[in-house]
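Student: Based on what follows, work out the 3D shape:
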Amino acid sequence: MGILAAGTLDSFLRLLGTLIIFIFVLVITYLVTRWMGVYQKGRSSNKNLRIVETIGVGNNKMISIVEAGKKYLVVSIGKDEVHLLAELTREDFKDLSDIEDQEPGKSGESFADVFGKLKDKLQKKQD
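Tutor: This next block holds a predicted model:
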């Protein structure tokens, strides 16, 4: 009976030790991640450059509006290159947020309405 109790106690202590080590690793990971976030934020605090907006247009390709001082530049960013597309003023900006709220291709018409219009067009072509 004593051997069985000693084996159970030994297993429990090993489990407890493993759990403590696991919690220690999680705490260290959390602290290092927070420290790196603060470090990166401090490194990237620019006074003259700011990305206003970015949109992806393909694999590893984006178009961005960059505020550089008082100018706004539209640049295309690829895997290994950056090209200037246009220069904007603040007055050139247009609020497209109400358009973005709609799902792509959704015009408010039901499928039956679209299908009916298509059917009418096909019938007119046949006549």
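
Student: Helices of the protein, residue ranges please.
Tutor: Along the chain, counting by DSSP state H, helices occupy 2-43, 97-100, 111-126.

Student: how near is Y39 to D92?
Tutor: 36 Å (CB to CB, to the nearest Å). Yep, even glycine has a C-beta here, placed from its N, CA and C like the rest.

Student: now swap in G37 and tell me
Tutor: To D92, G37 is 34 Å away according to CB to CB.

Student: One more: D80?
Tutor: Going from D80 to D92 by CB to CB gives 29 Å.

Student: one step back: any chance of the helices of the chain in a markdown table, plus mean neighbour count, mean pLDDT and distance to K61?
Tutor: A markdown table is the format used below for these (neighbours: other CB atoms under 10 Å; pLDDT from 0 to 100; distance: least, CB to CB, whole Å):
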| stretch | mean neighbour count | mean pLDDT | distance to K61 |
| --- | --- | --- | --- |
| helix 2-43 | 10 | 87 | 24 |
| helix 97-100 | 8 | 56 | 20 |
| helix 111-126 | 9 | 79 | 32 |
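
Student: And the longest strand along the chain, what's buried?
Tutor: Counting by DSSP state E, the longest strand found in the chain is strand 49-58. Buried residues in strand 49-58, counting neighbours by 16 or more other CB atoms under 10 Å, are absent.

Student: neighbours around the nearest residue to E87 once chain neighbours are set aside, how many?
Tutor: The shortest distance from E87 to any non-neighbouring residue, by CB to CB, 6 or more residues apart in numbering, is to L73 (5.7 Å). Neighbours of L73 under the rule other CB atoms under 10 Å: 16.

Student: L73 and K94: what is the separation?
Tutor: The value you get for L73 to K94, if CB to CB is used, is 17 Å.

Student: same thing with N59?
Tutor: Taken as CB to CB, the span from N59 to K94 is 27 Å.

Student: V25 too?
Tutor: Taken as CB to CB, the span from V25 to K94 is 50 Å.

Student: Now do stretch 66-76, average pLDDT.
Tutor: Taken as a whole, stretch 66-76 has a mean pLDDT of 88.

Student: and that stretch, which residues are buried?
Tutor: Under the neighbour-count criterion of 16+ other CB under 10 Å, stretch 66-76 has 66-67, 72-75 buried.
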